[in-house]
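**Student:** sequence plus the predicted model coming up.
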Amino acid sequence: MKHNKKRNTAFIYETLTREFTKSIVTKAAAKKATVVSILKNYFTKGNPLAEELELYAILLNTTNTDQKVAERYLQEVKIARAQLDENVIFNEQSKIISAINKGLGKEVWANFVPNFKSLASVSAIFNGDTPVKKRVLFEQAVVDQMSRQVPLCEKEDLKSIDNLTYVSFIKKFNNKYTELLSEQKDLLNHYITSFADNEFELKVYLNEELARLKRSLAEVTKNSTEQLISQKAAAVMSYLEEFRKREFNEKDLNKVLKTQELVRELSAND
């Protein structure tokens with residue numbers, strides 16, 4: 001079947017998250033702002049495309065599940081998808097396609113998405129025009145994937161990237177990305193995917209990561225004999241505590257990225 005990726009909500013989301021990461025790596029501030037605006041307009045909680053994206057995520061992210069349970073997941077997702085208004089979905093897709101073409105350029109659609117075939121399979125299941133025989137084959141493939149037993153080590157590796165594996169693309173796109181610390185990659189991952197779940201996972205992650213950074217900086221101020229280092233560490237600690245009380249923004253993102261690098265450097269010098 002010929003697949004129209006521009007009418008695949010998960011593909012649209014994936015290509016936008018890659019464009020967002022590229023804009024960070026290349027320091028393209030204007031493009032980053034445009035991507036963020038589009039993501040917030042169309043993928044915040046309650047938006048029709050966000051609702052459909054959640055259904056994609058269930059089928060794409062589930063593993064190590066009993067086959068009967070996987071089949072039940074599939075049936076429930078199909079029921080939930082049937083309850084979405086096709087015309088509304090189509091109109092929202094048309095709007096976001098137009099916003100991408102005008103704000104970012106048509107070349108965005110050429111972004112490499114590693115699991116494109118899986119996205120296309122789920123899209124075919126959701127498409128009422130898919131022939132029955134082919135739909136059954138796509139559904140079986142999805143059930144097999146959900147019931148696949150993923151080794152523990154592989155599951156741990158998957159946790160370090162977003163659920164649609166954007167990191168493999170970034171490594172191929174720009175070698176600079178490999179220079180980021182593992183904790184910086186984790187932060188970017190959570191920030192990029194925060195648009196789909198109303199920042200829930202990001203808030204959980206930040207709660208733990210900020211606590212870790214504060215502990216490390218507190219240790220520095222306690223043990224360092226260099227007054228200037230102690231003063232700077234104390235100032236960063238104060239800043240970290242302050243923005244926990246308000247909405248996390250791009251300025252905060254950059255601050256935390258720099259703090260992660262600072263903590264790593266200070267730890268290496270101990």
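**Tutor:** Received it, and whenever you're ready, just let me know what you need.

**Student:** when you work out contacts or count neighbours from here on, use the C-alpha atoms and nothing else.
**Tutor:** Will do.

**Student:** distance from the strand or helix carrying I12 to the middle of the chain?
**Tutor:** According to DSSP states H and E, I12 maps onto helix 9-25. Averaging C-alpha positions (Cα atoms, centre = their mean, to the nearest Å) puts helix 9-25 9 Å from its chain's average.

**Student:** show me what it packs onto, helices and strands only.
**Tutor:** When contacts are defined as 3 or more Cα pairs under 8 Å, 6 or more residues apart in numbering; DSSP states H and E, helix 9-25 packs onto helix 29-43, helix 48-61, helix 116-126, helix 167-173, helix 182-192.

**Student:** try 7 Å
**Tutor:** helix 29-43, helix 48-61 (3 or more Cα pairs under 7 Å, 6 or more residues apart in numbering; DSSP states H and E).

**Student:** who are the contact partners of the nearest residue to E92 once chain neighbours are set aside?
**Tutor:** The shortest distance from E92 to any non-neighbouring residue, by Cα to Cα, 6 or more residues apart in numbering, is to L49 (7.1 Å). Listed by Cα atoms under 7 Å, 6 or more residues apart in numbering, the contact partners of L49 are 9, 42-43, 89.

**Student:** if we can go back for a sec, most packed of the helices and strands packed on helix 9-25?
**Tutor:** Across the helices and strands packed on helix 9-25, averaging neighbours per residue (mean count of other Cα atoms under 10 Å) puts helix 48-61 on top, at a mean of 19.

**Student:** what's the following helix or strand past that helix packed up against?
**Tutor:** The element immediately downstream of helix 48-61 (helix or strand, assigned by DSSP H and E) is helix 67-82. Judged by 3+ Cα pairs under 7 Å, 6+ apart, helix 67-82 is in contact with helix 48-61, helix 132-146.

**Student:** so for the helix or strand encompassing N87, what gets flagged as buried?
**Tutor:** If you go by DSSP H and E, N87 is part of helix 86-103. Of all the residues in helix 86-103, those buried under the rule 16 or more other Cα atoms under 10 Å are 89, 92-93, 96-97, 99-100.

**Student:** kind regards, and thank you for your time.
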